[in-house]
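Participant: Let's see this in three dimensions:
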Amino acid sequence: MSDIDHSALAAMVRGLYLGELSWPVTLAATNGAAGGDAECLSLGLPKGGGLELAAAAMKTGLAQWRSQRGGAPGLVPGCVVVETGSGATAFWPGSSLDEARLRAGRADSSAWAARAPWAVDPKRPWLSRTSAEGRSSVVEGRIALVTGGAQGFGEEIVRGLAASGALVFIADLNLAGAERLAAELNAVLERTAAIALALDVSDEKSVSAAIDSSVSAAGGLDLVVSNAGVLKAGSVLDMEASAFRLVTEVNYTGFFYIAKHAGRVLRAQASASGNWASDIVQINSKSGLEGSNRNGAYAGSKFGSIGLVQSFALELVEYGIKVNAICPGNFFDGPLWSDPVKGLFVQYLQSGKVPGAKSVADVKAFYEAKVPMGRGCEGSDVMRALYYLVEQAYETGQALPVTGGQVMLG
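Facilitator: From the prediction side, this is the model:
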């Protein structure tokens, strides 16, 4: 039997559904077969054959299953049971995680011909899903993971995605904060909209475990937002090497870990879907587009990350994975800037980065004056950019400025 790991297996089964339905599906998994129900697709995968042979076996099995039922278009199995070396695993589809869990709990393996709730709008039947109307709808039903999602820009992104109908994994070193945010969103939206995960992006084992946990819970991923980051301001003449290494490990190496392990899942998913696009988006910074005085560790990590974005984009496009970056301006209202103890306003005041500044208010006024639009970047600004990158099917490897005109690319 197949020796493919569970995360890749779940992603491939999800890819099988995605390729047939062309809209987001969530999976719930249970151990063991589904009672031999004829409406389930039972698969035995070749051992040692890799993703391509396994995906081919899945597609062949689905074609045979459909042929036995008269070849009805749009008809997909009520569950997929895969025999592995460690036993059988059943995967149950749903248009949301709650539906998938309900189907799994009651072993509902009836043939599933459900379609996306937005497939036809009776009031506007001419409106296709490719329209830019209501751009936030591009993430509806999709499965997303946001690193550093418990606070700052990450929290804004989590809230925006959940409100737009996505299932969001909040992956953060601050697990308690992630759990509080998930509980709040689930209560307000009255569905399982968010799930908290513990994650240290500088630890590869932690990244691998978090990605595996998300796939085990929902079957795969559509959008991975690499947002977690740290900033240590200071002069190159005075900065401790340990501080420089920390910024590099979190901002640069951490993005590499995320792209590596999420990319493996997205590749497996693509092997079975054939036509399903997915996205990795790094939340970079305007400091990744131009140097930053007395902030070299941060700017260097962000410049380097754009190199990774472009390189990963060239490699992963083969699997339908778009890789892009968003480069926001300063989020003055978030804890990164406004924390009264370790925020950037305090750091910049203490490091003397703003000549003549006597207070935090002086530092803030100095930075606001640098923005042609007269204000800092906000969460809604980043969300519009994120929706654009997901919706834009013909763009990868880009670093999109969202700076209020502070940084303009020629």
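Participant: Skip ahead from the helix or strand bottoming out on mean pLDDT in the chain and say which helix or strand is next.
Facilitator: Within the chain, no helix or strand scores below helix 335-338, which has a mean of 82 by mean pLDDT, DSSP states H and E. Counting by DSSP states H and E, the next helix or strand C-terminal to helix 335-338 is helix 344-351.
Participant: Please point out which parts of that next one sit buried.
Facilitator: For helix 344-351, burial by neighbour count (16 or more other Cβ atoms under 10 Å) applies to 344, 345, 346, 347, 348, 349, 351. Glycine gets a C-beta too; all of them are placed from N, C-alpha and C.
Participant: Dump the residues you listed to a markdown table, plus distance to residue 101.
Facilitator: Converted to a markdown table, those look like this (distance: Cβ to Cβ, whole Å):
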| residue | distance to residue 101 |
| --- | --- |
| 344 | 42 |
| 345 | 44 |
| 346 | 45 |
| 347 | 45 |
| 348 | 47 |
| 349 | 50 |
| 351 | 50 |
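Participant: Tell me which two in these are the farthest apart.
Facilitator: Across those, the longest distance by Cβ to Cβ is 11.1 Å; it joins 345 and 351.
Participant: pLDDT score assigned to the residue of the chain positioned farthest from its centre?
Facilitator: The C-alpha centroid of the chain is most remote from residue 356, which lies 41.8 Å away (Cα atoms, centre = their mean). Residue 356 carries a pLDDT value of 94.
Participant: What about the closest residue to it other than its chain neighbours, how many residues nearby?
Facilitator: Distances taken as Cβ to Cβ, 6 or more residues apart in numbering place residue 362 nearest to residue 356, at 7.5 Å, with adjacent residues excluded. By the criterion of other Cβ atoms under 10 Å, residue 362 has 14 neighbours.
Participant: quick one: residue 362 and residue 354 touch, right?
Facilitator: Yes. Contact status for residue 362 versus residue 354: in contact at 6.7 Å, counting by Cβ atoms under 8 Å.
Participant: what's the average pLDDT for stretch 223-237?
Facilitator: Rounded mean pLDDT across stretch 223-237 is 93.
Participant: Buried residues in that stretch, which are they?
Facilitator: 223, 224, 225, 226, 227, 228, 229, 230, 231, 232, 233, 234.
Participant: One more: stretch 285-301?
Facilitator: 285-289, 292, 294-301.
Participant: So which of those residues is the closest to residue 239?
Facilitator: residue 297 (6.5 Å).
Participant: For that closest one, give me its contacts.
Facilitator: 232, 234, 239, 243, 244, 247, 248 (Cβ atoms under 8 Å, 6 or more residues apart in numbering).
Participant: Could you identify which of those has the most neighbours?
Facilitator: Highest neighbour count within these: residue 247, with 23 neighbours (other Cβ under 10 Å).
Participant: Need the nearest residue in space to it, chain neighbours excluded.
Facilitator: residue 297 (4.1 Å).
Participant: in the stretch 201-350 of the chain, which spans are helices?
Facilitator: Along the stretch 201-350 of the chain, the segments classed as helices by DSSP state H, counting those that start in this stretch run 204-218, 241-248, 254-273, 296-316, 335-338, 344-351.
Participant: Run through who's touching the second one.
Facilitator: This means helix 241-248. In contact with helix 241-248 (Cβ under 8 Å, 6+ apart) are residues 202, 230, 231, 232, 234, 297, 298, 300, 301.
Participant: Quick one: distance of it to the chain centre.
Facilitator: 26 Å (Cα atoms, centre = their mean, to the nearest Å).
Participant: same check, this time on the last one
Facilitator: Centre-to-centre, helix 344-351 and its host chain are 32 Å apart (Cα atoms, centre = their mean).
Participant: go on, the longest one?
Facilitator: Distance of helix 296-316 from the chain centroid (Cα atoms, centre = their mean) equals 17 Å.
Participant: tell me the phi and psi of residue 200?
Facilitator: In terms of degrees, to the nearest 10, the main-chain angles of residue 200 are phi -120, psi 110.
Participant: Name the nearest residue to it, sequence neighbours excluded.
Facilitator: Using Cβ to Cβ, 6+ apart and skipping residues adjacent in sequence, the residue nearest residue 200 is residue 206, 4.3 Å away.
Participant: Next, the contact list for the one you found, please.
Facilitator: Contacts of residue 206 by Cβ under 8 Å, 6+ apart are 198, 199, 200.
Participant: Tell me who's in contact with the residue lying closest to residue 259 once chain neighbours are set aside.
Facilitator: What sits nearest to residue 259 in space, not counting adjacent residues and going by Cβ to Cβ, 6+ apart, is residue 312, at 5.2 Å. Shown in contact with residue 312 (Cβ under 8 Å, 6+ apart): 259, 263, 280, 323.
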